[in-house]
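Visitor: Here is a sequence with its predicted model. Questions after.
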Amino acid sequence: MNDLFITKTSEYNFVYKNANTLYSKFFVIKYINSDHFRVGIIVSKKVGNSVVRHSVKRKVKEVIRNNSKIISQKFNFVLISKPNSSSASFSSLNKDLYINLVKKIGGK
């Protein structure tokens, strides 16, 4: 499962600098063409304290795991959480990411 997520700083920087950008209600989504599917998640201190940031990150990871089969496997994504994501429910985060990652960018 860990191969779904970007972990190295150099990989984050590459996607961040060379990516297309999409803005949604709860996220700024940076994506770039790739031969395999990987996701990086950034939750800054603007979102809240460490407990809140970790909660948002856990919710986003679960959304990615649940939808990884229908999200296009041809992109690397970096998801940057906006401050309003801290008060969002799991279902609203799921809906927001589904609309943007599957419908706007493309799904299987």
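Guide: Done, it's in.

Visitor: what residue ranges in the chain score low on pLDDT?
Guide: Regions of the chain meeting the criterion pLDDT under 70 cover residues 1-2, 107-108.

Visitor: Where does the most centrally placed residue in it sit: helix, strand or coil?
Guide: Taking C-alpha atoms, centre = their mean as the criterion, residue 79 is the residue nearest the geometric centre of the chain, at 3.2 Å. On the three-state scheme (DSSP: H, G, I helix; E, B strand; the rest coil), residue 79 is labelled strand.

Visitor: I'd say residue 64 and residue 37 touch.
Guide: No: with contact defined as C-beta atoms under 8 Å, residue 64 does not reach residue 37; the gap is 9.5 Å. Bear in mind the C-beta positions are built from the backbone N, C-alpha and C, glycine included.

Visitor: how far away is the residue nearest to the centre of the chain from residue 32?
Guide: Distance, residue 79 to residue 32, by C-beta to C-beta, to the nearest Å: 13 Å.

Visitor: correct me, but residue 46 touches residue 83?
Guide: Yes: under the criterion of C-beta under 8 Å, residue 46 lies in contact with residue 83, with a separation of 4.9 Å.

Visitor: Please say which of these two ends up with more neighbours.
Guide: Shown here are residue 46 and residue 83; by other C-beta atoms under 10 Å, residue 83 has more neighbours (15 against 10).

Visitor: Tell me where this protein has helices.
Guide: Shown for the chain, the helices assigned by DSSP state H span residues 9-18, 50-67, 90-97.

Visitor: who wins for proximity to residue 41 among the ones you listed?
Guide: In terms of C-beta to C-beta, the element of those nearest to residue 41 is helix 50-67, at 5.3 Å.

Visitor: Just the buried residues of stretch 30-41, please?
Guide: Judged by neighbour count (16 or more other C-beta atoms under 10 Å), stretch 30-41 contains these buried residues: 30, 31, 32, 37, 38, 39, 40, 41.
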